[in-house]
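Participant: Provide a 3D model corresponding to the input given below.
(one chain, ligands or ions: 1)
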Amino acid sequence: MLKKAIFPGSFDPFTKGHEDIVRRLIPLFDEIVIAIGSHAEKKKYFQEEQMLQHISALFKNESKVRVKIYQGLTVHLAKKEQAQYLIRGLRNTIDFEYESAIAKANQSLYPELETLFITTKPEYSYISSSIVRDIHKNGGNVNEYLPYVI
Ligand code: ADP
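Facilitator: Residues are numbered from 1 along each chain as shown. Model (predicted):
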């Protein structure tokens, strides 16, 4: 059976930290779906469609990587995609607390789906999408945090 993973997130925006995680997953799985979560009630700062284009361009030479936008529960996406693994990144203990709660909820919703955590490289552990948004909103240059130019 093909080993398939989904890597869901808001990716508002997708940063060098997210990219590093995906690149480290490539040797481990047959297919990786980067899934941009879309919530009607929570508008994004960066356009989802544009983010999809940036991420797709970034991995255009990686045949194992696909990018999509999804609505609704992540476990429903996993079922639809027939993915056995859900990947989340951990930067620090705050991430850990939050992520373990989500993993428990997902476990009870869909026990066949295994959540796997991967720790960030130290050089990326201070990058967060919310800081990037703040800098950008206030006219600062955010290109050092992003693997593409906006
Ligand atoms: P969400 O809103 O779903 O938490 P994010 O886009 O903020 O979505 O993050 C998606 C995943 O990437 C999460 O598992 C998060 O912990 C992880 N992540 C966020 N920033 C980094 C980073 N700098 N390095 C590695 N992983 C990160």
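
Participant: what helix or strand is the residue of the chain found nearest the ligand located in?
Facilitator: Nearest residue of the chain to the ligand: residue 17, at 2.2 Å (C-beta to the nearest ligand atom). Backbone N, C-alpha and C define where each C-beta goes, glycine included. Using DSSP states H and E, residue 17 sits in helix 16-25.

Participant: how many residues are close by the closest residue to residue 103 other than its chain neighbours?
Facilitator: Counting by C-beta to C-beta, 6 or more residues apart in numbering, residue 103 lies nearest to residue 115, which is 4.1 Å off, once chain neighbours are set aside. For residue 115, the count of nearby residues is 17 (other C-beta atoms under 10 Å).

Participant: please apply the same query to the one 3 residues further on.
Facilitator: In terms of burial, residue 118 registers 15 neighbours under the definition other C-beta under 10 Å.

Participant: unless I'm mixing things up, it is touching residue 24, no?
Facilitator: Yes - between residue 118 and residue 24 a contact is recorded at 6.6 Å, counting by C-beta atoms under 8 Å.

Participant: near the ligand at all, stretch 115-126?
Facilitator: Yes - counting by C-beta under 6 Å from any ligand atom, the ligand has neighbours in stretch 115-126: 120, 124.

Participant: need the CA coordinates for that stretch. PDB is fine.
Facilitator: Output in PDB follows, covering the C-alpha atoms of stretch 115-126 (Å, rounded to 0.1, in the frame of the first residue of the first chain):
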ATOM      1  CA  THR A 115      -0.700  11.800  13.600                       C
ATOM      2  CA  LEU A 116       3.000  12.100  13.400                       C
ATOM      3  CA  PHE A 117       5.000  15.100  14.700                       C
ATOM      4  CA  ILE A 118       8.200  16.400  13.300                       C
ATOM      5  CA  THR A 119      10.400  19.000  15.100                       C
ATOM      6  CA  THR A 120      11.500  22.100  13.400                       C
ATOM      7  CA  LYS A 121      15.200  22.900  12.600                       C
ATOM      8  CA  PRO A 122      16.400  25.500  15.200                       C
ATOM      9  CA  GLU A 123      17.000  28.100  12.500                       C
ATOM     10  CA  TYR A 124      13.300  28.000  11.500                       C
ATOM     11  CA  SER A 125      11.800  27.600  15.000                       C
ATOM     12  CA  TYR A 126      11.200  31.300  15.400                       C
END
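
Participant: one step back: name the helix or strand for the residue nearest to residue 103, please.
Facilitator: With DSSP H and E as criterion, residue 115 is part of strand 114-119.
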